[in-house]
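Student: could you work out the structure for the sequence below:
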Amino acid sequence: MLSVFRFLILAYTILGAASLSWAKKNEEGVAVIIGNKSYSDRIPEVTYAHRDADAIRYYILNVLGYAEENVIDLRDATKSQLESAFGNSNSHKGQIWQYIDPAGTSDVTIYYSGHGVPGSDKRGYLLPSDANPDTAEINGYPIDLLYENLGKLNTRRVTILLDACFSGDSGGGMLIRHASPVFMESELPETSGENMTVITAASGTQLASWDENAQHGLFTHHLLDALYGNADDNTDGQITALEVKSYLDKKMTRAARRNYRREQDASLSGEVSAILGFQIDGVFASRPYFDAKLTQGHVDNTLPSAEIEVEEVSKHLFAITNANIRSHPSTQGNKIGRVKKGELVIVTGKTGKWYRVAIANSSDVGYVYGNLLREKHFQVSDFESFQECDECPEMVTLPKGSFIMGTDDGAEDEGPAHKVTIDYDFAVSRSEITLGQFTYFLEKTGHTMGQKCYASEGGEWAEKKGVFWGTPNYFQEQNHPVVCVNWNDAQAYVKWLSEKTGQKYRLLSEAEWEYAAKGGMEGKFWFDNIPMLQCIYVNGAAGETDEENRLQECSDDFKYTSSVYHMPPNPFGLYAMNGNVWEWVQDCNTDNYQNAPINGNADESHGCDQRALRGGGFLNSGDALSNINRGSIKPDRRDFDTGFRIALSLN
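Tutor: Numbers count the residues shown, from 1 in each chain. Sure, this is the predicted structure:
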């Protein structure tokens with residue numbers, strides 16, 4: 001991931017409806033496309049520069065309609081190549097000047113993806129592939145010179161797209177030695193004239209990142225989505241600059257917060273009604289998928305359907321979440337429809353991990369990612385449940401059985417894998433103990449909790465005053481899991497509940513917890529072990545931070561806790577065993593499962609400086625939410641993502 005300041009300037013004139021005829025063919029248009037990925041010496045590469053340039057090149061040729069012979073395509077451009085294309089301080093008559101129509105009818109589009117650096121003179125520079133970033137003012141290409149020379153051309157309109165870092169820093173380390181980063185804000189040059197609209201990827205000195213899943217710059221990725229039709233809010237077949245800005249505010253800004261915990265806001269200046277995208281023959285062009293392994297200009301989702309190998313299938317499936325229907329079996333295929341959660345879908349074929357489906361009220365077909373469809377809705381299990389009082393948790397009786405606990409293929413503390421046999425009857429609370437249930441306990445017992453709790457901001461944990469079980473630094477309802485409770489608080493709760501009911505309530509052992517979480521299934525999760533499904537079955541960071549992951553067509557919609565009954569239950573009928581909040585168990589923390597009990601009992605034979613936690617919470621994603629992952633903290637520590645559920649011995 002690159003932590004760099006990246007911006008993209010899109011300059012365009014207004015195109016009235018009557019002028020759209022050139023969209024299919026613009027033979028006078030001239031473009032310079034530069035993708036500077038590889039640099040000399042110690043300079044880190046710009047990983048997706050070629051891929052970004054490929055995507056823009058395709059758009060310029062196939063949507064804007066430029067002739068291929070008028071496109072100057074440079075990869076890893078040197079300083080001499082940049083000067084040849086744009087001119088220098090002595091003359092603006094570079095290759096562009098040679099290519100444009102002298103009558104002034106040419107549109108000019110410039111695209112650059114690569115490093116940029118600040119010079120000691122505070123000017124911003126494009127960094128040629130053979131340049132030294134320490135002396136940019138000598139061997140870099142000045143941005144203001146680029147604007148100045150382009151402004152001297154006799155053109156109809158100019159489009160400038162700069163995708164670069166001007167902080168002097170990059171994901172691979174500082175580009176400038178012995179210096180602090182200098183952040184630069186670029187403004188539209190005075191010489192640019194009135195025929196431009198400017199959209200930038202970031203405002204001020206904000207940072208921006210790449211979308212590693214889409215393998216594009218975060219802004220470039222969303223800009224392309226916007227231009228290929230997704231920003232057409234009023235469905236008039238045209239996309240204005242204002243609509244692009246609105247789309248970026250909704251998609252790019254949100255993705256930057258979720259994925260990278262940073263502010264990134266596009267800015268818009270110039271003519272806001274400029275038309276930046278449009279339909280051709282009544283439809284928007286489909287955005288192509290560029291395979292990162294292919295060379296420039298190659299795409300693979302422009303193939304006709306006949307060339308996609310499809311196994312004929314005839315079945316009816318249900319959508320387990322809202323899902324997009326795409327034009328091709330790829331997450332980069334154009335979105336051509338949508339099915340709602342629970343909707344019946346007619347499947348006509350299968351190719352790889354994708355289903356070909358019939359589109360309702362149409363003779364057309366599209367593709368839905370296979371794991372978003374199921375044979376039937378998930379049904380809550382029929383295991384016996386009971387509740388001993390109105391304020392008591394609902395308990396589910398679990399069957400006796402054996403299972404393999406842990407794994408030999410994971411973290412050291414998750415092994416060795418060993419067989420555990422549960423040969424006794426016990427029950428587990430259907431959900432985590434809720435805020436309402438715990439509040440009732442406090443009111444009846446006067447148990448003191450204090451007003452301090454550990455919370456995380458930006459990945460940094462600290463104990464904070466005023467953050468506690470009733471106000472954990474975020475909003476909760478009574479049916480959310482109680483948090484900011486330590487192991488001792490949980491023990492006090494089960495002691496009170498046992499005294500109230502005359503039963504043997506307690507915390508689960510680690511073995512019981514894993515047995516209950518697996519629900520009779522094997523593997524890391526009781527559902528299919530596919531990361532994208534975590535946001536359907538689990539309240540974790542996966543749904544929030546990975547919303548823009550192109551394999552993930554859903555979001556769990558919760559940044560913090562959710563209702564304990566929000567996500568579907570596992571096959572034992574237990575809710576939120578994975579995610580929502582970490583759950584205290586009875587065991588002491590151990591380095592591994594060597595000599596661990598095999599009968600379901602808690603392991604308290606070691607020192608108990610820390611007690612075990614299971615299940616992961618709303619801050620976690622991936623394997624941290626799995627059935628086998630282990631956590632631990634001190635028993636007197638309270639965290640804003642930690643709660644508990646309880647067990648009951650039945651014999």
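
Student: test my guess that F644 contacts N486.
Tutor: No: assessed by C-beta atoms under 8 Å, F644 is found out of contact with N486, at 9.6 Å. Any C-beta I mention is one placed from the backbone N, CA and C, and that applies to glycine too.

Student: ok, these two, which is more surrounded?
Tutor: F644 (27 against 22; other C-beta atoms under 10 Å).

Student: could you pull up phi and psi at the closest residue to E312 other than its chain neighbours?
Tutor: Nearest residue to E312, sequence neighbours excluded (C-beta to C-beta, 6 or more residues apart in numbering): G349, at 5.5 Å. Dihedral angles of G349 (phi, psi; degrees, to the nearest 10) stand at phi -170, psi 170.

Student: now do G349, the pLDDT please.
Tutor: Looking at G349, its pLDDT is 91.

Student: neighbours around it, how many?
Tutor: G349 has 20 neighbours, counted by other C-beta under 10 Å.

Student: tell me, how many residues neighbour K152?
Tutor: Neighbour tally, K152, other C-beta under 10 Å: 14.

Student: same check on E375?
Tutor: For E375, the neighbour count with other C-beta under 10 Å is 8.

Student: circling back: ok, the residue nearest to E312 to Y355 distance?
Tutor: Per C-beta to C-beta, to the nearest Å, G349 is found 7 Å from Y355.

Student: mind listing the shared neighbours of the two?
Tutor: Residues touching both G349 and Y355 (C-beta atoms under 8 Å, 6 or more residues apart in numbering): V313.

Student: now Y493: which helix or strand?
Tutor: helix 487-501 (DSSP states H and E).

Student: give me the common contacts of F644 and N486.
Tutor: Counting by C-beta under 8 Å, 6+ apart, the residues touching both F644 and N486 are W584.

Student: specify the beta-bridge partners of V30.
Tutor: Applying DSSP bridges to V30 gives these bridge partners: V108.

Student: quick one, what contacts it?
Tutor: Neighbouring residues of V30 by C-beta under 8 Å, 6+ apart: 66, 70-72, 96, 99-100, 106-109.

Student: how about the residue nearest to G277 when sequence neighbours are not counted, secondary structure?
Tutor: If the residues on either side of it in the chain are set aside, G277 comes closest to I239, at 3.5 Å by C-beta to C-beta, 6+ apart. Using DSSP: H, G, I helix; E, B strand; the rest coil, the structure places I239 in strand.

Student: repeat for E148
Tutor: Applying three-state DSSP: E148 is helix.

Student: pLDDT value on it, please?
Tutor: On the pLDDT scale, E148 gets 86.

Student: I figured it was touching N88, is that so?
Tutor: No: using C-beta under 8 Å, E148 makes no contact with N88, being 10.8 Å away.

Student: next, show the common contact partners of the two.
Tutor: By C-beta under 8 Å, 6+ apart, E148 and N88 have no common neighbours.

Student: what about stretch 561-578, how long is it end to end?
Tutor: 12 Å (C-alpha to C-alpha, to the nearest Å).

Student: for stretch 264-284, same thing?
Tutor: Using C-alpha to C-alpha, the end-to-end distance of stretch 264-284 comes to 27 Å.

Student: list the buried ones in it?
Tutor: Neighbour counts using 16 or more other C-beta atoms under 10 Å place 264-268, 270-271, 274-279, 284 of stretch 264-284 among the buried residues.

Student: mind checking which of these are in strands?
Tutor: 267-268, 270, 275-278 (DSSP state E).

Student: redo those residues as TSV? Include pLDDT.
Tutor: As requested, those are exported to TSV (pLDDT from 0 to 100):
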residue	pLDDT
S267	76
L268	78
G270	69
I275	78
L276	77
G277	79
F278	79
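
Student: show me where the stretch 551-651 of the chain has its strands.
Tutor: With DSSP state E, counting those that start in this stretch, the ranges of strands along the stretch 551-651 of the chain come out as 582-588, 611-614, 630-633, 642-644, 646-649.

Student: let's have the contacts of V30 in CSV, adding secondary structure and distance to T47.
Tutor: Listed next are those as CSV, based on DSSP: H, G, I helix; E, B strand; the rest coil; distance: C-beta to C-beta, whole Å:
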residue, secondary structure, distance to T47
Y66, strand, 27
N70, helix, 29
V71, strand, 23
I72, strand, 23
I96, helix, 28
Y99, helix, 30
I100, coil, 33
S106, coil, 33
D107, strand, 30
V108, strand, 28
T109, strand, 23
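
Student: pick out the most distant pair among those.
Tutor: I72 and D107 (14.3 Å; C-beta to C-beta).

Student: these two: which is more packed in?
Tutor: Comparing I72 with D107 by neighbour count (other C-beta under 10 Å), the higher total belongs to D107, at 25 against 20.

Student: my guess is that one meets T155, correct?
Tutor: Yes: using C-beta under 8 Å, D107 is in contact with T155, at 6.9 Å.

Student: buried ones in the helix holding Y493?
Tutor: Under the neighbour-count criterion of 16+ other C-beta under 10 Å, helix 487-501 has 487, 489-494, 496-497, 500 buried.

Student: quick one: it to strand 582-588, angle?
Tutor: Interaxial angle, helix 487-501 versus strand 582-588 (axes from the mean of the first three to the mean of the last three C-alpha atoms, to 10 degrees): 90 degrees.

Student: other SSEs contacting helix 487-501?
Tutor: Where contact means 3 or more C-beta pairs under 8 Å, 6 or more residues apart in numbering; DSSP states H and E, helix 487-501 is packed against helix 435-445, strand 505-507, strand 646-649.
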